[in-house]
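> coords please:
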Amino acid sequence: MGRQHWKKIWVGSAGNMVEWFDWFVYASFATYFAGAFFPSGNPTAQLMNTAGIFAVGFFMRPVGGWLLGRVGDRKGRKAALTLTVSLMSASAVLIAVAPTYAVAGYGGALVLLVARLLQGLSVGGEYAASATYLTEASDPARRGFASSFQYVSMTAGQIVGLGLQIVLQRTMSDDALHSYGWRIPFVVGALGAAVVFYLRRSMLETEVYAEDTSHAEERGTLRALWRHRREAFLVVALTMGGTVAYYTYTTYLTKYLSNSAGLSKETATLVSFTALIVFAALQPLAGALSDRIGRRPLLITFAVGCTVLTVPVMTLLRHVDGYWPALGLALLALVVVTGYTSINACVKAELFPTGVRALGVALPYAVANALFGGTAEYVALWFKKGGIESGFYWYVAACAAVSLVVYVTMRETKDLDLARVRATEEDGESSLTTAS
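This is a model prediction of the structure:
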């Protein structure tokens, strides 16, 4: 892979890391600021309120996917990536300065809600712009490897957030963290976003997009996407199981170990931090493997593993009594999830032609995340509050089983030529071929 390819991947990944730091730090610090925005009461109820606002951010992602996906297809991947990080910076600032319930009543929660809506708008476009950029910028024979850095950077953002949390937990008192310390990561996120904005202003556009000769008026339109509705529905279905599993074992894991297993917040955070470092390191290895054997084998392995192992792994995690058993189980789950995370970005990008690729990835993926990924934590807490926490385990397994059906029946995409993919009309329905 040439120097220019690595430069594009580095700039795209660095911005993605900051985006997802800001996105995930809300979840990882929720246990500290939940009481600041909602009246005192049951800790699970307070977490449900903050998780509900977390989920609301996901429902803005389809809007962001549509708006910023359109920008990415019409104005370029660079324009979309620069805009997304600007929105994320603004949202981080809002959370950092949001007034508490004691100062402004539910006005503080309203500021929190607005900030999450902005984050949802931003991330809704970031995922697709990043997936499209990394896939198009890479060597065609190494697209799986290159696009795997999307989840490396996403996970790195969460690792940095958890690392900062560990540092704050060890240098500040618990009272200070609940009082004002939780604001620090959002200040860091805003500053990081400003740096990435500067980097992205000088990033290079992908050759695949720059050389695209499709009609400009058709780029990034819903009309053009409708001609690829089969692929769009495929993105929703193949995302369903993966996004639920990913958010279960990343953003929700720390709360689960603390709120359900009874581990200390410090131990739960350290488990997640260590597991995510290993998880990030696995992504390029799995992506490179997919370039050799194809995307479907990895996706099928993930879905089978998640369907079979979720219930026993989550049950055992519920009863762990220390760092090492919790870490072992978390790593087992994340190794399985790697079969999805390492390649899902390129699989989705490979389904669509250049003129609608960003929108084609963004909108259906954002819809799937709004319905399944964003609600995973809330659903988990709902089952817990209802006294049937194990119901959530079966829910995750069922979502993976649905995606398994899709993976088994879908075609292989690794050998498609992105520059030559076009749409053909057959009996009024869309299919994807390569130009002859």
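
> Only C-alpha atoms from now on, for both contacts and neighbour counts.
OK.

> Can you tell me the SS state at Leu204?
coil (DSSP: H, G, I helix; E, B strand; the rest coil).

> Please verify my assumption that it contacts Lys78.
Yes. Counting by CA atoms under 8 Å, Leu204 touches Lys78, with 7.3 Å between them.

> The two: who's more crowded?
Lys78 (21 against 17; other CA atoms under 10 Å).

> residues contacting that one?
By CA atoms under 8 Å, 6 or more residues apart in numbering, the residues touching Lys78 are 72, 200-201, 203-205.

> how close does it sit to Ala224?
According to CA to CA, to the nearest Å, Lys78 stands 21 Å off from Ala224.

> quick one, what contacts Pro284?
145-146, 148-149, 152, 342.

> can you list the residues you listed in a markdown table and add secondary structure and neighbour count?
Listed next are these as a markdown table, based on DSSP: H, G, I helix; E, B strand; the rest coil; neighbours: other CA atoms under 10 Å:
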| residue | secondary structure | neighbour count |
| --- | --- | --- |
| Phe145 | helix | 25 |
| Ala146 | helix | 30 |
| Ser148 | coil | 29 |
| Phe149 | helix | 31 |
| Val152 | helix | 24 |
| Ser342 | coil | 33 |
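
> Check these against Met17 and report the nearest one.
Val152 (8.2 Å; CA to CA).

> Tell me the pLDDT of that closest one.
As predicted, Val152 sits at a pLDDT of 93.

> and it, what is it in contact with?
Applying CA under 8 Å, 6+ apart to Val152 gives the contacts 13, 280-281, 283-284.

> measure it to Tyr246 for me?
Val152 is 13 Å from Tyr246, where distance means CA to CA.

> Over to Ala102?
Counting by CA to CA, the gap from Ala102 to Tyr246 is 35 Å.

> Between these two, which is the more surrounded one?
More crowded of Ala102 and Tyr246, by other CA under 10 Å: Tyr246, with 20 against 13.

> Reduced to three states, what does that one come out as?
The three-state assignment at Tyr246 reads helix, by three-state DSSP.

> Does the closest residue to it other than its chain neighbours lie in a helix or a strand, and which?
Leaving aside its sequence neighbours, Tyr246 sits nearest to Val337 (CA to CA, 6 or more residues apart in numbering; 6.6 Å). Assigning secondary structure by DSSP states H and E places Val337 in helix 323-341.

> now that helix, how far from the chain's geometric center?
Taking CA atoms, centre = their mean, to the nearest Å, the mean C-alpha location of helix 323-341 is offset from the chain mean by 17 Å.

> what sits up against it?
Defining contact as CA under 8 Å, 6+ apart, one finds that helix 323-341 is touched by 148, 151, 242, 245-246, 249, 267-268, 270-272, 274-275, 278-279, 282-283, 286, 298-302, 305-306, 309-310, 313, 316-317, 320.

> Could you give me the buried positions within it?
For helix 323-341, a neighbour-count test (16 or more other CA atoms under 10 Å) marks 323, 326-327, 329-331, 333-341 as buried.

> All the helices of the stretch 1-150 of the chain, residue numbers only.
Assigned by DSSP state H, counting those that start in this stretch, the stretch 1-150 of the chain shows helices spanning 3-28, 30-37, 43-59, 61-74, 77-97, 101-104, 107-137, 143-147, 149-171.

> list the buried ones in the first one?
Looking back up the chat, that one is helix 3-28. 5-6, 8-28.

> Would you reformat the contacts of Pro284 as a markdown table and include distance to Ser403?
Formatted as a markdown table, the contacts of Pro284 follow (distance: CA to CA, whole Å):
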| residue | distance to Ser403 |
| --- | --- |
| Phe145 | 22 |
| Ala146 | 24 |
| Ser148 | 20 |
| Phe149 | 23 |
| Val152 | 23 |
| Ser342 | 16 |
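
> part of a helix, is Glu412?
No. The assignment for Glu412, made by three-state DSSP, is coil rather than a helix.

> What count of nearby residues applies to it?
Number of residues near Glu412 (other CA under 10 Å) recorded here: 15.

> Let me see the contact set for it.
So Glu412 contacts 294-296 (CA under 8 Å, 6+ apart).

> again, only this time at 10 Å
Under the criterion of CA atoms under 10 Å, 6 or more residues apart in numbering, the contact list for Glu412 reads 294-297, 347, 350-351.

> Specify which member of the buried residues of helix 323-341 is nearest to Phe58.
Thr341 (18.3 Å).

> distance of the closest one from Ala129?
From Thr341 to Ala129 the distance is 16 Å (CA to CA).

> So among the contacts of Lys78, where is pLDDT lowest?
For the contacts of Lys78, the model is least confident at Leu204; its pLDDT is 80.

> Angles on the backbone of that one, please.
Here is the backbone geometry of Leu204 (degrees, to the nearest 10): phi -90, psi 140.

> what about it, distance to Val356?
Per CA to CA, Leu204 is found 20 Å from Val356.

> doesn't Tyr247 make contact with Ala55?
No. Ala55 lies out of contact with Tyr247 (CA atoms under 10 Å); the separation is 11.5 Å.

> What is the burial count for Arg201?
As a burial measure, Arg201 scores 12 neighbours (other CA under 10 Å).

> same thing with the one 10 residues further on?
When counting by other CA under 10 Å, one arrives at 10 neighbours for Glu211.

> ok, now which ones touch it?
Residues near Glu211 by CA under 10 Å, 6+ apart: 354, 419.

> and the gap between Ala370 and Ala129?
Separation of Ala370 from Ala129 (CA to CA): 18 Å.

> okay, the two: which has more neighbours?
Neighbour tally, Ala370 and Ala129, criterion other CA under 10 Å: the higher count belongs to Ala129, 34 against 23.

> Could you tell me the per-residue confidence at that one?
We have a pLDDT of 89 for Ala129.

> correct me, but it touches Lys75?
No. With contact defined as CA under 10 Å, Ala129 does not reach Lys75; the gap is 11.5 Å.

> any low-confidence regions in the stretch 101-250 of the chain?
In the predicted model, the stretch 101-250 of the chain carries pLDDT under 70 at residues 215.
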